[in-house]
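>>> Below are the sequence and a predicted model; questions follow.
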Amino acid sequence: MLQLLSRRQFTARLAATLAAPAGMGAAWAAPDERAIRIIVGFPPGGGSDAIARLLAEKLKDELKRPVLVDNRPGAGGQLAAQLLKAAPADGTTVFLSHDHTISILPQVVARPGFQPHTDFVALGGFATFVNGLAVSPGTPVKSIPEYVAWVKGQGGKSSVGIPAPASTPEFLVQLLARKYGLDLVPVPYKGSAPMIGDMLGNQIPAGIGSVQDFIEYQRTGRLRTIAVLGAKRQAAIPDVPTLSELGFKGLEDTPFYGIWAPKGTPADFINAFTHALDKVVALPDVHKQLTELGLTVGYMTPRQLDTRERAYTQVWSKIIRDSGFKPQ
């Protein structure tokens with residue numbers, strides 16, 4: 001009996017030993033060391049690119065994974081959004097963008113090739129910002145009244161650069177033209193960087209874009225922002241008035257920055273990424289640098305970002321309809 005018992009014990013222990021690696025493998029997974037690609041729909045050198053590179057550097061430390069920025073400019077971020085839709089939903093590809101691509105493009109392009117509410121999942125937001133009207137160094141004005149008088153002195157007609165066609169800045173050009181009785185012609189560019197290049201060279205007298213795109217040139221006096229949108233002045237340029245202060249109401253709602261992933265991305269990646277983004281945005285040096293870029297910094301959960309995006313879309317859908325614009 002003793003010999004038989006020992007064999008049974010031996011057999012049981014041997015079976016347990018052989019089964020242990022499989023059991024351990026089911027309970028433990030190797031850390032995910034694959035790189036995360038942050039797609040940016042605008043060229044290097046612009047505000048979105050600078051923001052993405054700042055966040056990527058910090059996110060890699062929190063996520064313990066390489067985080068790379070992949071610039072895919074074209075069509076106001078449309079190409080980048082289509083790339084995100086086609087990307088595998090495996091936690092290796094995300095999209096950093098703002099209101100134009102997510103909220104405006106689906107309303108102004110007949111076949112955008114993506115629908116954010118069905119093709120993407122929000123990972124979280126990190127800031128809001130405002131657009132502003134800036135003038136080139138050769139445009140001799142320092143305020144909206146001076147700008148209006150200057151344009152009227154040019155026969156009432158002038159061109160205004162915009163970073164993308166059928167964008168919020170294009171509709172703002174139309175609103176300004178109607179408000180002040182001017183013939184303002186929007187000139188679309190492929191992103192803010194080439195627009196600003198032409199502004200610096202006095203190839204175009206003015207441009208409308210996000211404050212973070214103009215901010216460094218504003219500080220050095222190479223461009224002058226003469227008005228901003230939003231309900232209040234911006235901390236980075238407190239001397240610049242809002243259009244609301246100047247009597248131009250209805251443009252107080254502010255656009256936003258967020259990060260999205262393809263629909264179907266695993267929940268564990270979404271949770272890890274949103275937690276990391278929350279921590280990164282709260283870092284004092286990140287908060288300081290984003291504020292200096294002209295952003296109003298504040299983490300938004302995926303639900304908060306989604307709610308804000310839908311509300312913003314509703315506001316601008318009315319402006320777009322009232323403009324008479326037809327999706328192209």
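Nice, thanks for sending it over.
>>> which secondary structure elements does the strand ranked longest in the chain contact?
Secondary structure assigned by DSSP state E gives strand 120-128 as the longest strand of the chain. With contacts defined as 3 or more C-beta pairs under 8 Å, 6 or more residues apart in numbering; DSSP states H and E, strand 120-128 has these neighbours: helix 78-86, strand 256-262, helix 267-282, strand 296-300, helix 302-323. (Glycine included, C-beta is placed from N, CA and C.)
>>> export those to CSV and tack on mean neighbour count?
Shown next, in CSV, are these (neighbours: other C-beta atoms under 10 Å):
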stretch, mean neighbour count
helix 78-86, 21
strand 256-262, 25
helix 267-282, 17
strand 296-300, 19
helix 302-323, 16
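>>> Which stretch among those approaches Asp183 most closely?
helix 302-323 (15.6 Å; C-beta to C-beta).
>>> Only alpha carbons, please: show that closest one as CSV.
The C-alpha coordinates for helix 302-323 follow below in CSV (Å, rounded to 0.1, in the frame of the first residue of the first chain):
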residue,chain,number,x,y,z
PRO,A,302,-14.0,59.9,-22.6
ARG,A,303,-17.7,60.6,-21.7
GLN,A,304,-17.0,64.3,-21.1
LEU,A,305,-15.1,64.6,-24.3
ASP,A,306,-17.9,62.9,-26.2
THR,A,307,-20.6,65.2,-24.6
ARG,A,308,-18.6,68.3,-25.4
GLU,A,309,-18.0,67.2,-29.0
ARG,A,310,-21.7,66.6,-29.6
ALA,A,311,-22.7,70.0,-28.1
TYR,A,312,-20.0,71.8,-30.2
THR,A,313,-21.2,70.0,-33.4
GLN,A,314,-24.8,71.1,-32.7
VAL,A,315,-23.7,74.8,-32.4
TRP,A,316,-21.7,74.8,-35.6
SER,A,317,-24.2,72.8,-37.6
LYS,A,318,-26.6,75.8,-37.3
ILE,A,319,-23.8,78.3,-38.3
ILE,A,320,-22.9,76.1,-41.3
ARG,A,321,-26.6,75.7,-42.4
ASP,A,322,-27.2,79.5,-42.0
SER,A,323,-24.1,80.2,-44.2
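>>> Select, out of the helices and strands packed on strand 120-128, the one closest to Gly230.
Nearest to Gly230, of all the helices and strands packed on strand 120-128, is strand 296-300, at 8.7 Å by C-beta to C-beta.
>>> can you give me the angle the closest one makes with strand 256-262?
Angle, strand 296-300 to strand 256-262, by axes from the mean of the first three to the mean of the last three C-alpha atoms, to 10 degrees: 30 degrees.
>>> State the mean pLDDT of strand 296-300.
What strand 296-300 shows for mean pLDDT is 95.
>>> Show me what that strand is packed up against.
In terms of contacts (3+ C-beta pairs under 8 Å, 6+ apart), strand 296-300 is packed against strand 120-128, helix 267-282, helix 284-292.
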